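>>> Okay, structure incoming, though there's no sequence with it:
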């Protein structure tokens, strides 16, 4: 019984190492992004050219990462839907932030800008220039402050 358990553990560990070793990051051109991602970039960043675009292929998923010279980094899922916009230095373009969230931040934190916004399954998470992290549901209603 113990040898079967050990064998199962070794097989699972081998499969996990095999899956992770198949992950592949490739530099791609803007035209190779899914249409949704291309539209997002054109809408919110106009004709600015990214400093790089990576396609991160794994066995079960594909993600894309776009970075601009101003250190704004955008992550997209395999369909080209944005998942995260992170302005390492600076602020996230206001056009990306849902109106209800932008209104809440303007009313309650008028001197702060959004440096990061992320879509999660439960809603949005934003990070402000003062370091506070605010959580909102999918409708844009404020839920709580995380720190």
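Yep, it's here. Computed from a predicted model, the values in this text were never measured in an experiment.
>>> from here on, contacts and neighbour counts on C-alpha atoms
Fine.
>>> Give the burial count for the nearest residue to residue 102 once chain neighbours are set aside, as a bare number.
Using C-alpha to C-alpha, 6 or more residues apart in numbering and skipping the chain neighbours, the partner closest in space to residue 102 is residue 94 (7.6 Å). Other residues near residue 94 come to 12 when the count uses other C-alpha atoms under 10 Å.
>>> Please, where are all the helices along the protein?
Shown for the chain, the helices assigned by DSSP state H span residues 2-21, 35-45, 99-108.
>>> ok so, going back, next, find the distance separating the residue nearest to residue 102 from residue 113.
Using C-alpha to C-alpha, to the nearest Å, we find residue 94 at a distance of 9 Å from residue 113.
>>> Likewise for residue 96?
13 Å.
>>> Identify the residues contacting the nearest residue to residue 136 once chain neighbours are set aside.
Nearest non-adjacent residue to residue 136, counting by C-alpha to C-alpha, 6+ apart: residue 142, 4.4 Å away. Contact partners of residue 142, counting by C-alpha atoms under 8 Å, 6 or more residues apart in numbering, are 101, 104, 134-136.
>>> Would you mind giving me the ChimeraX syntax to select the buried ones in those?
Of the contacts of residue 142, the buried ones go into a single ChimeraX selection, burial set by 16 or more other C-alpha atoms under 10 Å:
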select :101,134,135,136
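>>> So which of the contacts of residue 142 is the closest to residue 79?
residue 136 (23.5 Å; C-alpha to C-alpha).
>>> CSV for the contacts of residue 142, including distance to residue 70?
Below are the contacts of residue 142 laid out as CSV (distance: C-alpha to C-alpha, whole Å):
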residue, distance to residue 70
101, 24
104, 26
134, 24
135, 26
136, 27
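>>> Okay, and the beta partners of the residue nearest to the spatial centre of the chain?
The chain has residue 84 as the residue nearest its centroid, 2.5 Å off, counting by C-alpha atoms, centre = their mean. Note on residue 84: beta-bridge partners residue 75, residue 118, judged by DSSP bridges.
>>> Just to check, it is in contact with residue 123?
No. Assessed by C-alpha atoms under 8 Å, residue 84 is found out of contact with residue 123, at 12.0 Å.
>>> Count the residues that sit near residue 129.
Neighbourhood size, residue 129 [other C-alpha under 10 Å]: 16.
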